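**Q** build me a model from this:
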Amino acid sequence: MPPRNPGDIFVERLNELLRGREARTISERTGISETTISRWRNRRAPANPSLDTLVRLARALGVPLVYLISDGVYEPAYDAAAVERLMRATEELLRAATVARHAVTDAMKKP
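**A** This is a model prediction of the structure:
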């Protein structure tokens, strides 16, 4: 069987995790508009969020990032503190990559 599309998995996971939750609450916690969340859930927009968006969603929904895009089985008996450390490290890496990208862009502009 061919691998499943991560976008399809993402929509399934999002619908599963948001069942019984207010989209407004997740929107407030992530900064992602309710409209965007609704479009993803109803497949009215491409389900290809950025890594930063996936990180924010995973944190707000209390699941490991990989759960949102993979077929793996979710076992809620994970170490929440370890997940939080991993999420912080991921955010730090994203910030560092952004700073580095800007530095390279600025350096390329100089004669």
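**Q** helices along the chain, start to end?
**A** In the chain, the segments counted as helices under DSSP state H are 6-18, 23-30, 34-41, 51-61, 80-109.
**Q** reformat the ones you listed as a markdown table; add mean neighbour count.
**A** Heads up, the C-betas are built off the backbone N, CA and C, glycines and all. Shown next, in a markdown table, are the helices of the chain (neighbours: other C-beta atoms under 10 Å):
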| stretch | mean neighbour count |
| --- | --- |
| helix 6-18 | 16 |
| helix 23-30 | 15 |
| helix 34-41 | 16 |
| helix 51-61 | 18 |
| helix 80-109 | 11 |
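**Q** which stretch in these has the least confidence?
**A** The weakest mean pLDDT among those belongs to helix 80-109, with a mean of 84.
**Q** who does it touch, helix- and strand-wise?
**A** helix 51-61 (3 or more C-beta pairs under 8 Å, 6 or more residues apart in numbering; DSSP states H and E).
**Q** show me the residue sitting in the middle of this structure in space.
**A** Ranked by distance to the mean C-alpha position of the chain (C-alpha atoms, centre = their mean), the top residue is Leu54 at 0.6 Å.
**Q** for it, give me its contacts.
**A** Leu65, Leu68, Ile69 (C-beta atoms under 8 Å, 6 or more residues apart in numbering).
**Q** my read: the second one touches Asn15, true?
**A** No: contact between Leu68 and Asn15 fails when scored by C-beta atoms under 8 Å: they sit 11.5 Å apart.
**Q** separation between the nearest residue to Ile37 once chain neighbours are set aside and Arg88?
**A** Using C-beta to C-beta, 6 or more residues apart in numbering and skipping residues adjacent in sequence, the residue nearest Ile37 is Ala23, 5.0 Å away. Shown here: Ala23 relative to Arg88, a distance of 25 Å by C-beta to C-beta, to the nearest Å.
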